[in-house]
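In: model this:
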Amino acid sequence: MTEEEKTAEENAAAEEKKEEQPQETPADVPNNVPGGLVIIAILYIIGGIMWLIYPFFYMWGLAAYFHEIQGYIPWANVFLNTLCCWIGSWLIGFLYFGIAGGLMKGMKGAWLWAVIFAVIGLFNVPIGTIVSIIILIYLFRPAIRDWFKN
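Out: Residues are numbered from 1 along each chain as shown. Next up is the predicted model:
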């Protein structure tokens, strides 16, 4: 056998081995996101959803308030107040979704925003305070800090 034939046989054997092994798909790639971050990301997604539906309740409550106090509903006032509420709450809601996605990817900015919102959440007594303390303790653990450094 010549060297060319040996090389051809080795290449054919290597090709057969490649065909025998299943190709790696994105679902097969191990996901090493810490479990606590997944829970925190889910909490931020729920918070984002709440911020998106909040203007509906605000509009209903404001209209009921005006009807109760003034006897009629000044629709221009309700519309302008609700529009400002929609803009602000939707910005915050989508920011929450961004934080959740960033936490899952290990982005440093998402960690910073999560800490900022957790500090703000400390003022939501009593449940928000407890949840925010747990989030802050978890985010400052050394292993989690290392996840965001990579």
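In: most centrally placed residue in this protein?
Out: Taking CA atoms, centre = their mean as the criterion, residue 100 is the residue nearest the geometric centre of the chain, at 1.2 Å.
In: immediately after the least confident helix or strand in the chain by mean pLDDT, which helix or strand?
Out: Ranked by mean pLDDT, DSSP states H and E, the weakest helix or strand in the chain is helix 3-20, scoring a mean of 67. Helices and strands here follow DSSP states H and E; after helix 3-20, the next one along the chain is helix 35-70.
In: and the next element down the chain from that following helix?
Out: The element immediately downstream of helix 35-70 (helix or strand, assigned by DSSP H and E) is helix 75-105.
In: The residue nearest to the centre of the chain touches residue 46, doesn't it?
Out: No - look at residue 100 against residue 46 with CB atoms under 8 Å: they stay out of range, at 9.3 Å. In short, each C-beta sits where N, CA and C put it, glycine included.
In: Sketch out the low-pLDDT regions of this protein for me.
Out: Along the chain, the model assigns pLDDT under 70 to residues 1, 4-6, 8, 11-31, 150.
In: What is the neighbour count of residue 90?
Out: 15 (other CB atoms under 10 Å).
In: nearest spatial neighbour of it, skipping sequence neighbours?
Out: residue 52 (6.3 Å; CB to CB, 6 or more residues apart in numbering).
In: Tell me how many other residues crowd that neighbour.
Out: Residue 52 has 17 nearby residues by other CB under 10 Å.
In: Ok, residue 122 next?
Out: Neighbour tally, residue 122, other CB under 10 Å: 15.
In: ditto for residue 143
Out: With other CB under 10 Å as criterion, residue 143 counts 9.
In: Pull the contacting residues for it.
Out: Contact analysis of residue 143 by CB atoms under 8 Å, 6 or more residues apart in numbering lists residue 34.
In: The residue nearest to residue 90 contacts residue 91, correct?
Out: No - between residue 52 and residue 91 there is no contact under CB under 8 Å: 10.5 Å.
In: distance of the nearest residue to residue 122 once chain neighbours are set aside from residue 114?
Out: Nearest residue to residue 122 in three dimensions, chain neighbours excluded: residue 132, at 4.8 Å (CB to CB, 6+ apart). As judged by CB to CB, to the nearest Å, residue 132 and residue 114 stand 10 Å apart.
In: Put the alpha carbons of the helix or strand harbouring residue 112 into CSV.
Out: Assigned by DSSP H and E, residue 112 falls within helix 108-121. Extracted in CSV, the C-alpha atoms of helix 108-121 (Å, rounded to 0.1, in the frame of the first residue of the first chain):
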residue,chain,number,x,y,z
LYS,A,108,-23.0,42.4,33.9
GLY,A,109,-25.5,45.2,33.1
ALA,A,110,-28.4,42.9,33.9
TRP,A,111,-26.8,42.1,37.3
LEU,A,112,-26.5,45.8,38.0
TRP,A,113,-30.1,46.5,37.0
ALA,A,114,-31.3,43.5,39.0
VAL,A,115,-29.5,44.9,42.1
ILE,A,116,-31.0,48.4,41.5
PHE,A,117,-34.6,47.0,41.3
ALA,A,118,-34.0,44.7,44.2
VAL,A,119,-32.9,47.7,46.3
ILE,A,120,-36.0,49.7,45.2
GLY,A,121,-38.1,46.6,46.0
